[in-house]
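# Turn this into a structure:
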Amino acid sequence: MTRRAAASADDGSKRATVKEVAARAGVSTATVSRVLAGNYPVAPATRIKVQRAAQDLDYVLNAGARGLRQTTSNTVAFVVADVKGPFFSLIADGVEQQATEEGRLCLVCTTHNDPARELAVINLLRQQRVEAVILVGGTAQTPQYTERMVKLAHSLDAEGSRLVLCGRAPLVGDPDIPHTVVEYDNEGGAFAMTSYLLSLGHERVALLGVERQSTASERVKGYRRALESRGLAFDSDLVVPGVHSRESGYEATRRLLSSGRDFTAVFAVTDMIAAGVLKALREAGVRVPDDVSVVGYDDIPLASDLFPSLTTVHVPHEQLGRSAVKLALNREQHPVQHIRMGTHVMVRDSAGQVGSWRAGASR
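Sure thing, here's the model as predicted:
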């Protein structure tokens, strides 16, 4: 038995049939065929039941593609939360450039941060026999989600495709899970940035934009580790939740100012959040960096154009995208399929020595 076949057998994956999908969904085989082919109108509730059953059973419409590795579509797919965020678009540019150099087309799919949609998109791409499915950015990694992703990694591998995690941690469990991981030192970047602020005398650093995504949680770890390395207590009151947008940063800063909490620096977990922070502080008459220092994460092009120019953590976006494609398509030349790239603090004008300003003094 080949290694690939053994992996499939060990995974316990057995090719599901249309009858099994129909039985699970409680519909006829004809209805299953109509839903999966998408060529006949079906009630939305029925469509959802069939799609869930197909997903649960790991069913692929073109089952014959499993033994046809040579018939992949010469296409790589880039799966991202949305196409508006600069972090994603910068990595996408690297993916597209490398795909073009490798003679492949590049598809872009969006998930809107919906894990169920992400899984459905991967299943659709598997049917299209893309050579690599590149997932970008963090996600809420529940045990159920991870288990499903492991199964999909094996299924993609069995059909000549490759699951690639770009900018997120590898799947845990079996060390032989067939997937490619291209990540960056997310926690280390947050540790370095927090340490930089501490070296300037800031001991009350507010962390803005924390959400459930794995990228944000890693940045919290780095922030917390830096505080502990200086013997400072972690204050949960200074950790403000929010989504990764300028509007969220603006509103979170307004709430922080009105709360009267004592802080001298703001660490925004993305540059877009930092842009909102700067606007809110400017409107409140708080000077940056004289009164409050502000730093971000990602080093998107906007960062150097803000006023004052933003001190931030540089992430090698283009290299991440290029490496994701290069490793996935050239696995024989690149036997190591897990790399981690470095990050570093990009010092600009928005952070300085701690001042005498306090939140309560501004009111």
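# how about Glu20, phi and psi?
Dihedral pair for Glu20: phi -70, psi -40, per degrees, to the nearest 10.
# Correct me if wrong: it contacts Leu57.
Yes: counting by Cβ atoms under 8 Å, Leu57 is a contact partner of Glu20 at 5.8 Å. Every C-beta, even on glycine, is put in place using the N, C-alpha and C of the backbone.
# so what's the closest residue to Pro301 other than its chain neighbours up against?
Excluding its sequence neighbours, the residue lying closest to Pro301 (Cβ to Cβ, 6 or more residues apart in numbering) is Pro86, at 7.1 Å. Neighbour list for Pro86: Asp271, Met272, Asp298, Ile300, Pro301, Leu302 [criterion: Cβ atoms under 8 Å, 6 or more residues apart in numbering].
# SS state for the second one?
This means Met272. Secondary structure state of Met272, per DSSP: H, G, I helix; E, B strand; the rest coil, is helix.
# Let me know how buried the closest residue to it other than its chain neighbours is, in neighbour terms.
Nearest residue to Met272 in three dimensions, chain neighbours excluded: Arg246, at 5.1 Å (Cβ to Cβ, 6+ apart). Using other Cβ atoms under 10 Å, Arg246 has 19 neighbouring residues.
# just to revisit the earlier point, can you check the pLDDT for the residue nearest to Pro301?
At Pro86, the predicted lDDT confidence score is 87.
# cool, and Asp114?
84.
# repeat for Gly38
pLDDT, Gly38: 61.
# Surely Gly201 and Gln353 touch.
Yes: applying Cβ under 8 Å, one finds Gly201 in contact with Gln353, separated by 5.7 Å.
# so what's the residue nearest to Met272 up against?
Neighbours of Arg246 in contact, by Cβ under 8 Å, 6+ apart: Met272, Ile273, Ala275, Gly276, Lys279.
# Phe78 now?
By Cβ under 8 Å, 6+ apart, the residues touching Phe78 are Ala92, Val95, Glu96, Cys106, Leu107, Val108, Cys109, Ile134, Val136, Gly321.
# What is the burial count for the spatially closest residue to Val347 that is not a sequence neighbour?
Counting by Cβ to Cβ, 6+ apart, Val347 lies nearest to Thr311, which is 5.4 Å off, once chain neighbours are set aside. When neighbours are defined as other Cβ under 10 Å, Thr311 has 25 of them.
# can you pull the contacts of Thr311?
193, 196, 293-296, 345-351.
# quick one: which of the contacts of Arg246 is most hemmed in?
Ile273 (31 neighbours).
# Please, which helix or strand holds the nearest residue to that residue once chain neighbours are set aside?
Sequence neighbours aside, Gly249 is the residue nearest to Ile273 in space, at 3.5 Å (criterion: Cβ to Cβ, 6+ apart). Secondary structure assigned from DSSP states H and E places Gly249 in helix 246-259.
# Show me what counts as buried in that helix.
Residues of helix 246-259 classed as buried: Arg246, Ser248, Gly249, Tyr250, Ala252, Thr253, Arg254, Leu256, Leu257 (neighbour count, 16 or more other Cβ atoms under 10 Å).
# count of residues packed around the residue nearest to the last one when sequence neighbours are not counted?
Spelled out, that is Leu257. Nearest residue to Leu257 in three dimensions, chain neighbours excluded: Ala284, at 5.6 Å (Cβ to Cβ, 6+ apart). For Ala284, the count of nearby residues is 16 (other Cβ under 10 Å).
# how about the residue nearest the centre of the chain, what does it touch?
The residue lying closest to the centre of the chain (Cα atoms, centre = their mean) is Gly137, at 1.3 Å. By Cβ under 8 Å, 6+ apart, the contact list for Gly137 reads Val80, Ala81, Phe87, Phe88, Cys166, Gly167, Arg168, Gln213, Thr215.
# Mind pulling the model confidence for the first one?
To tie it back to what came earlier, the one meant is Val80. 90.
# same deal with the last one?
Per-residue confidence for Thr215 comes out at a pLDDT of 77.
# Need phi/psi at it.
Dihedral angles (degrees, to the nearest 10) for Thr215: phi -60, psi -40.
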